[in-house]
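> Build me a structure from this.
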Amino acid sequence: MDMTQDRPRDGGSGGTALALLLGLGAGVALMFFLDPANGRRRRTDVQGKSSHYARAAAHTRDALARRALGHIRGAIAAIRHQVEPEETVEDAILLERVRAAMGHVVPDPHGVDIRVRCGTVILKGPATAEKIGELVACARHVRGVRDVDNRLSPSD
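All right, here's what the predicted structure looks like:
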């Protein structure tokens, strides 16, 4: 025999307890903020903190939007580079582009003699065996370079 059917169900006690707790919490919050001695300071603190968090959220949102826009611009430039024919770049500009790119590979890009003729980059001078491959790959990936003539000599 099932005894649960004989007992009266009390489905409202959970809702009553929750309402009591919510009412108690609202009363405590009102006392906290409407306290004559410290209520004004507490309200001002909450207002200042909420303003700070709103500004921080707006700053984060703006930074994320700028980052996303940068990624979109980069993707568009990469697609445009794939679709459009290669541009002809003046040798002087190409020389500066290669030298700037080499600055990320070697500490002194002026230590490598770089010359450019009709889009072909000529690399001369001493370099370590590991750096020769990096320098040639670096020069090859610069926009506008048609070919790389590697005349670098391995040094210790």
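> C-alpha only now, for contacts and for neighbours.
Noted.
> Please enumerate the strands of this protein.
In the chain, the strands defined using DSSP state E lie at 113-117, 120-128, 147-155.
> helices and strands around the last one, which ones?
Other helices and strands packing on strand 147-155, by 3 or more C-alpha pairs under 8 Å, 6 or more residues apart in numbering; DSSP states H and E, are strand 120-128, helix 129-140.
> try it again with 6 Å
Secondary-structure packing of strand 147-155 (3 or more C-alpha pairs under 6 Å, 6 or more residues apart in numbering; DSSP states H and E): strand 120-128.
> Going by neighbour count, list what's buried in the strand it packs on.
Judged by neighbour count using 16 or more other C-alpha atoms under 10 Å, the buried positions of strand 120-128 are Thr120, Val121, Ile122, Leu123, Lys124, Pro126, Ala127.
> how big is the angle separating it from strand 113-117?
Counting by axes from the mean of the first three to the mean of the last three C-alpha atoms, to 10 degrees, strand 120-128 lies at 170 degrees to strand 113-117.
> Listing partners with orientation, what would you give for strand 120-128?
strand 113-117 (antiparallel), strand 147-155 (parallel) (DSSP bridges).
> Ala57: which of the buried residues of strand 120-128 is nearest?
Checking those against Ala57 by C-alpha to C-alpha gives Val121 as the nearest, at 48.5 Å.
> check contacts around that closest one.
Arg115, Val148, Asp149 (C-alpha atoms under 6 Å, 6 or more residues apart in numbering).
> Now which of those would you call buried?
Buried subset of these (neighbour count, 16+ other C-alpha under 10 Å): Arg115, Val148.
> returning to that earlier point: just the strands paired with strand 120-128: most buried one?
Highest mean neighbour count among the strands paired with strand 120-128 (mean count of other C-alpha atoms under 10 Å): strand 113-117, with a mean of 17.
> quick one, domains of this structure?
Listed domain ranges for the chain are 26-82, 91-155 (source: automatic domain parsing).
> Distance across the last one, terminal residue to terminal residue?
So the one you mean is domain 91-155. Separation of the first and last residues of domain 91-155 by C-alpha to C-alpha, to the nearest Å is 28 Å.
> Repeat that for stretch 87-107.
Using C-alpha to C-alpha, one end of stretch 87-107 lies 29 Å from the other.
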